[in-house]
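**Q** here is the input, now give the coordinates:
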Amino acid sequence: MIGLMCIGIIGKKMRKRMFGLKDLNVFLCRKHETVNELEERYGKLLDSLKRYEIRLSNAEKISKFADALPSEWDEFLIKLKQDSRFSKFYLKEFTKELKIHDYEINKKKKNLINDIEKNLDKISLDVILEINRRINIFLAAKNVKIYDIKSGCYIDKNINPLHFD
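**A** You can find the predicted model right below:
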């Protein structure tokens, strides 16, 4: 009877360990999730993996975290990987670099928004409506990376230009 209980406990641990690995394999950034929120969720996942004696190397932790990021981070990740310090990064240093980049991007956005707000009185209503229309089209489109001003279309790098006129 004790032997069966031990097998049951071991089987339960193995199932939990397999679920932990499954969670790691499907770990992705959620829509509108910040780097801080993603890092917090990832930390909880790593803690739960430790409980089941699943350990990842530092490179594996960073690689999995990078894979979880949305595609808008791809360009920055390529630049970061070319940094001579990258191979020596720990997860905390890696996420710190991400947070710095995120802060810089948000600061640029805020500065642009402030510039636009300052100039709104100088712009006619039809121009503001057109800007708003284009923003809404951009937000509705999927896999959109670049807006080509000359041709007036959105370009998906993987497919063909998407026209929204």
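**Q** look up how far K108 lies from the residue most central in space within the chain.
**A** Computing the C-alpha centroid of the chain and ranking residues by Cα atoms, centre = their mean puts L69 first, at 2.7 Å. Using Cβ to Cβ, to the nearest Å, L69 is found at 19 Å from K108. Any C-beta I mention is one placed from the backbone N, CA and C, and that applies to glycine too.
**Q** ok, E53 next?
**A** Per Cβ to Cβ, E53 is found 44 Å from K108.
**Q** same check on K44?
**A** Going from K44 to K108 by Cβ to Cβ gives 31 Å.
**Q** repeat that for R30.
**A** 24 Å.
**Q** and E117, by the same measure?
**A** 15 Å.
**Q** thought L28 was touching A66?
**A** No - contact criterion Cβ atoms under 8 Å: L28 and A66 do not qualify, at 11.6 Å.
**Q** these two - which one has more neighbours?
**A** A66 (15 against 11; other Cβ atoms under 10 Å).
**Q** hmm, who's touching the helix or strand hosting the more buried one?
**A** Following DSSP states H and E, one finds A66 within helix 58-68. Here helix 58-68 makes contact (Cβ atoms under 8 Å, 6 or more residues apart in numbering) with 24, 27-29, 38-39, 42, 46, 56, 73, 77, 89-91, 94-95.
**Q** mean confidence for the helix or strand just after it?
**A** Sequence order places helix 74-81 as the next helix or strand after helix 58-68, per DSSP H and E. Average pLDDT, helix 74-81: 93.
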